[in-house]
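Trainee: Show me the folded form of this:
(2 chains)
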Amino acid sequence: MLDMTPAVLSERAALRINPCKTCQPVGAMYAALGVHNCMPHSHGSQGCASYHRTFLSRHFKEPAISSTSSFTEGASVFGGGSNIRTSVKNVFDIYNPDIIAIHTTCLSETIGDDLNAYIQEMEIPEGKYVVHTNTPSYVGSHINGFFNMMCGFIKYLSERGSAKNGKAAIFPGFVNPGDMRELKRIAKLMNTPHIMFPDTSGVLDSPMTGSYEMYPAGGTTIDEVKALGACEKVFALGELTGEEPANVLDRKCGVKYELLPLPIGIENTDKFLMALSRFSKAEVSYELEEERGQLLDVILDAHFYLYGKTAAIYGDPDVALGLMSFALEIGMIPKYVITGTPGEAFERKAAALLAKYSVEGCTVKQSADLFALHQWIKQEKVDIMLGTSYGKQIARAEDIPFVRVGFPILDRYAHSYFPIVGYRGAMRLFESITNTLMDRQDRDAADEDVEPVM
Amino acid sequence: MKNARDAVLEKYSAKVYKNRKEHIVEVDREAAEQKIAANSRSVPGIMTNRGCCYAGCKGVVLGPLKDALVLTHGPIGCGFYSWGTRRNKAKAEDGRNFIQYCFSTDLQEPDIVFGGEKKLRQAIKEAMEIFSPKSIMICSTCPVGLIGDDIHAVAAETEKLYGITCVAFSCEGYKGVSQSAGHHIANNGIMRRVIGTGDAAPKSKYSVNLLGEYNIGGDGWETERILKRIGYDVIAVLTGDGSIEDLKNAHMANLNLVQCHRSINYIAEMMKTRFGINWLKVNFVGIEATITSLRETAEFFGDDELKRRTEAVIADELAEIAEQRAYYKSKLSGKTAALYVGGSRSHHYQYLLRDFGVKTVLAGHEFAHRDDYEGRCVIPTIKEDADNKNIESITVDVDPDRFSTFLPEDRRNELYGKIQLEDYKGIIPDMETGDIVVDDLNHFETEAFLETLKPDIFLSGIKDKYVLQKSGVVSRQLHSYDYSGPYSGFRGAVKFAHDLTMGLYTPAWGLVTPPWKDEPMLVGTIG
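Mentor: This is a model prediction of the structure:
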């Protein structure tokens, strides 16, 4: 497995090997699926939509709808105006969504298609909406595409309104439906009336009933997206990548925002609860305090299986940073932490975390890839890997225990239903990490060392 | 009464109706000819399942090559999505298996503005330093074609500089109308630059290449196992578990066996012209189909001992699966199926389903051409449109030094028409009156046909799978086999039947409706 990966690192300026990111449009598609009755639309070659739908379906094991402009060579030369007009008409005719959310591709971006002008000129049926965002695949990653699509919705739809609606807006970031459900549960327990945007719960975790719904019950409604402009405040989760939509909403509608880390681990969740508490002027509910106490109880009970254990953590910037923070909290050493998404703040924030816990000898890198991570691991092994499915080959090659977390997870089921955010999410992560390490200990133990009680 | 086809079409607007009606055929065995529109643009806005030219070239044909470093030149997405996602298994004896890796130039905005050639050269330099591959295949994505990077010049330079084989494929996603254009482009590159560059002689006169077998779920290995048991020498497989080193010698084989007609018929035809190698359409999916293919292959070589061995192997393989075959037939017989796959599987799997008493009522192709539906006899009548014209069609000349045809002309002529020598009859003639054939079947039509045809089983891809399953119909992926397989040959057939049986009989289907939906739960009191 991966036998050609040498342990000795060489400088690479151009060749990306085994990436730890993908392109913007898939993130935009995912965000658009979090709006109720919305058809994501890919303005480019039909291969893009096909790859993205496939990818989302493989992660969630759910239908992932999207239409496409089906560019041909002609459209690539003469522009995609005719394609998008035909598309919008056909999508409303055939699939009847309330809204079409268009994202661009490297193709339509390179030829400079002006979606703004196209949309202004097209006929849109009464009561229906068409919004767009620019998602050039050669800038940033899928994470940026997700937030750019949010910006697109806000720019087109959010309204200041005549009066504030008393609600908080929660921008959950690029997380699973299970996480969004957990964030909503926490907000409810914190007495915080809110709008979650986007919200893929009830869409990409829809139940089996024997009848297929093209637009399942979940998702932020168009009215809610409009009402974002009348919210009291935004809690934008994801301190590295989540600021832009909150910033856009602030500029457009004057809604102030608080940028918070993704609530992964104890302190990050604490921060989220305190922010909600300050907003709702409600004390942290006993239920959540109890969950926190239970989590700490379990961590202290089992700390000796984790203390000093080294981890390789890889994934999207805010998820990786959250996992790193939690790893430090439970006494582990985040030996290698990488993200494929570019952005130097990642390294700064990670360095600050390491300094806080006085942990040294760790390597952190943005714009990195899994090939480099593997090479580092070959130089100095770790006890566990935390990340997406594409680490499984490294884990196998180097015989390292492996916990799947993040996006994408293509080779396991049901993961997207369970949160990694909040104390409950942390409890689940803790259990996965501990069990994985203990299973390994059991597997490797000599007969005389196998113990029924641990 | 309206037929299923009309019931589906009537919901379309006039313009879409006009387009789609040509792509949907209700089979009529009495009709002299049944024409279907194919290999033409999808209607924008329609949720087509089709992919792009890059997916056909890099993803399908080049991706399985284990000893070539396939470098995607473009932004990161395309390379990422085609990394380890097609189940084209490969084993490299020397541990140098490139298909576990994803290589991309990961183009950034400045590269799009100022050109990406420099980065491509640098990426190749780095690839040479780390991996020293014997061959590099460069595949371009949409923006590369638009900004005008000359990947062919870079490939030529690379060959000179490093003394390796480097082939460039201009397979930008917008080319053509589906994956099909990419197959053609990949075929051209392999034919031009790889096949015929080696000189290793076959070990046996029963030497064959297996074309259009991508070893999904190990299909190619299972087929090869049977062929080798009979005594064939498999020179090269295109391209499942394939290698450039084997492909170089492909011209030394005496017969090309063509499994997936759509994706590889170009090479089959060009090898016939250039090297005189005949090709035979085979199908190793399905028990009866496998038997026919083995017999026809033996018939081609015409050797009595080979025929005897063929029959012995068939009898032995049949005996091995007899019990399971009967069991699964009892579980599956009488069911109906709908098929929607790319290439030839919508046809091939009908044979396999038939083996177990399952009737196919709907067959859809993603990217077929008219000859895949109506048979190769229609090729001369296919009109090119603007989209196909852009796909290079190369012609090859006879290679006077190496042209050699195994069979004498009179023997060949005897076989034409008797076995599927250089012929493919297509899917429509194989179906029954009332069955539906759809080109570029889309999401809306899938849902609509589900309602009108009510198949028990719908075999399709991942984009449909959960739609169908949520509708209460068992769906198995025929692109990935839902991570099972192999499904080819005798053992593969019962494996497939086993998987289908699981899908139909898994107990949870019976629990989908909660009991309180069937039983009044509210108990009132009077007074």
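Trainee: any idea what sits nearest A:Ala282, other than its immediate chain neighbours?
Mentor: Spatial nearest neighbour of A:Ala282, excluding adjacent residues (Cβ to Cβ, 6 or more residues apart in numbering or on different chains): A:Asn191 at 3.9 Å. All C-beta spots, glycine's among them, are computed from the backbone N, C-alpha and C.
Trainee: Surely B:Pro380 is within a strand?
Mentor: No: the secondary structure assignment for B:Pro380 gives helix rather than a strand, going by DSSP: H, G, I helix; E, B strand; the rest coil.
Trainee: pLDDT score assigned to it?
Mentor: pLDDT, B:Pro380: 96.
Trainee: And the helices in the stretch 351-454 of chain A, which stretches?
Mentor: Taking DSSP state H, counting those that start in this stretch as the criterion, the stretch 351-454 of chain A contains helices spanning A:370-379, A:392-398, A:422-444.
Trainee: which ones are touching whichever residue of chain A sits closest to chain B?
Mentor: With distances taken as Cβ to the nearest Cβ, chain A approaches chain B most closely at A:Gly47, which sits 2.4 Å away. With contact set as Cβ atoms under 8 Å, 6 or more residues apart in numbering or on different chains, A:Gly47 has these partners: B:50-55, B:78, B:173, B:179.
Trainee: Which members of those residues additionally contact chain A?
Mentor: Filtering those for proximity to chain A (criterion: Cβ under 8 Å from any Cβ of the partner chain) leaves B:50-55, B:78, B:173, B:179.
Trainee: from these, which two are the most distant?
Mentor: Looking at the ones next to chain A among the contacts of A:Gly47 by Cβ to Cβ, the two members farthest from one another are B:Arg50 and B:Cys78, with 15.4 Å of separation.
Trainee: higher neighbour count, the two?
Mentor: Here B:Arg50 and B:Cys78 are compared on neighbour count by other Cβ atoms under 10 Å in any protein chain shown; more neighbours surround B:Cys78, at 32 against 26.
Trainee: Look up how far A:His132 lies from that one.
Mentor: B:Cys78 sits 22 Å away from A:His132 when distances are taken as Cβ to Cβ, to the nearest Å.
Trainee: With A:Thr434 instead?
Mentor: When A:Thr434 is compared with A:His132 (using Cβ to Cβ), they lie 46 Å apart.
Trainee: More neighbours: which of the two?
Mentor: Neighbours per residue, other Cβ under 10 Å: of A:Thr434 and A:His132, the larger number sits with A:His132, 23 against 20.
Trainee: Would it be right to say that the more buried one lies in a helix?
Mentor: No: counting by three-state DSSP, A:His132 is not part of a helix but strand.
Trainee: residue contacts, the residue of the stretch 201-350 of chain B found nearest chain A?
Mentor: Chain A sits closest to B:Gly342 of the stretch 201-350 of chain B, with a gap of 10.9 Å, by Cβ to the nearest Cβ. B:Gly342 sits next to B:179, B:262, B:365-368, B:479 when contact means Cβ under 8 Å, 6+ apart.
Trainee: So which of the residues you listed sit within strands?
Mentor: B:His365 (DSSP state E).
Trainee: ok, and what's touching stretch A:109-117?
Mentor: Stretch A:109-117 is touched from outside by A:43, A:76-77, A:79-81, A:84, A:102, A:104, A:108, A:132, A:134-138, B:112, B:142-143, B:146-147, with contacts defined as Cβ under 8 Å, 6+ apart.
Trainee: Let me see the confidence value for residue 285.
Mentor: All of this refers to chain A. With respect to pLDDT, A:Ser285 has a value of 96.
Trainee: To clarify, I was referring to chain B.
Mentor: According to the per-residue confidence, B:Val285 scores 98 in pLDDT.
Trainee: Can you report how many residues neighbour it?
Mentor: 29.
Trainee: For it, list the residues it contacts.
Mentor: Taking Cβ under 8 Å, 6+ apart, we find B:Val285 in contact with B:219, B:345, B:348-349, B:351-352, B:487-488, B:492-493.
Trainee: which regions of chain B sit below the pLDDT cut-off?
Mentor: Confidence mapping of chain B against pLDDT under 70 gives the ranges B:1-2, B:527.
Trainee: about what we covered before: is it possible to get TSV of the contacts of B:Gly342 that adds neighbour count and distance to B:Ser40?
Mentor: Listed next are the contacts of B:Gly342 as TSV, based on neighbours: other Cβ atoms under 10 Å in any protein chain shown; distance: Cβ to Cβ, whole Å:
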residue	neighbour count	distance to B:Ser40
B:Gln179	30	14
B:Arg262	28	15
B:His365	30	13
B:Glu366	26	13
B:Phe367	28	11
B:Ala368	28	11
B:His479	22	23
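Trainee: Filter the contacts of B:Gly342 down to just the ones in helices.
Mentor: Of the contacts of B:Gly342, the ones assigned to helices by DSSP state H are B:179, B:262.
Trainee: what's the farthest-apart pair in the contacts of B:Gly342?
Mentor: For the contacts of B:Gly342, the maximum inter-member distance is 15.0 Å, found between B:Ala368 and B:His479 (Cβ to Cβ).
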